[in-house]
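**Student:** predicted model and sequence follow; I will ask about them next.
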Amino acid sequence: MNIILKKNVESLGDVGDVVKVADGYARNFLFPKGFA
């Protein structure tokens, strides 16, 4: 899944970066914490 970062994430990138991550990682970690 391609997502746009709303906050800096050390292992992925900076605000505004479009990164490809696993669907589960996005749904279970990034979206709930407001990173994407």
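**Tutor:** Thanks, I have the structure now.
**Student:** contacts, neighbours, all on C-alpha from now
**Tutor:** Fine.
**Student:** which parts of the protein are strands?
**Tutor:** Assigned by DSSP state E, the chain shows strands spanning 2-4, 18-20.
**Student:** wait, what's in contact with the closest residue in space to residue 8 that isn't next to it in sequence?
**Tutor:** Computed as C-alpha to C-alpha, 6 or more residues apart in numbering, the closest residue to residue 8 that is not its neighbour in sequence is residue 14, at 4.3 Å. Applying C-alpha atoms under 8 Å, 6 or more residues apart in numbering, we find residue 14 in contact with 5, 7, 8.
**Student:** any of the residues you listed buried? List them.
**Tutor:** Those of the contacts of residue 14 that meet the buried threshold are 5, 7, by 16 or more other C-alpha atoms under 10 Å.
**Student:** for residue 19, state which of the contacts of residue 14 is nearest.
**Tutor:** residue 5 (7.7 Å; C-alpha to C-alpha).
**Student:** hang on, that closest one packs against residue 11?
**Tutor:** No - Residue 5 is beyond contact range of residue 11, at 11.6 Å (criterion: C-alpha atoms under 8 Å).
**Student:** and residue 9, how far is that from residue 21?
**Tutor:** Using C-alpha to C-alpha, to the nearest Å, residue 9 is found at 12 Å from residue 21.
**Student:** then residue 12?
**Tutor:** Distance of residue 12 to residue 21, computed by C-alpha to C-alpha: 9 Å.
**Student:** before we move on, what about residue 4?
**Tutor:** 10 Å.
**Student:** what about stretch 25-36, average pLDDT?
**Tutor:** Averaged across stretch 25-36, pLDDT comes to 96.
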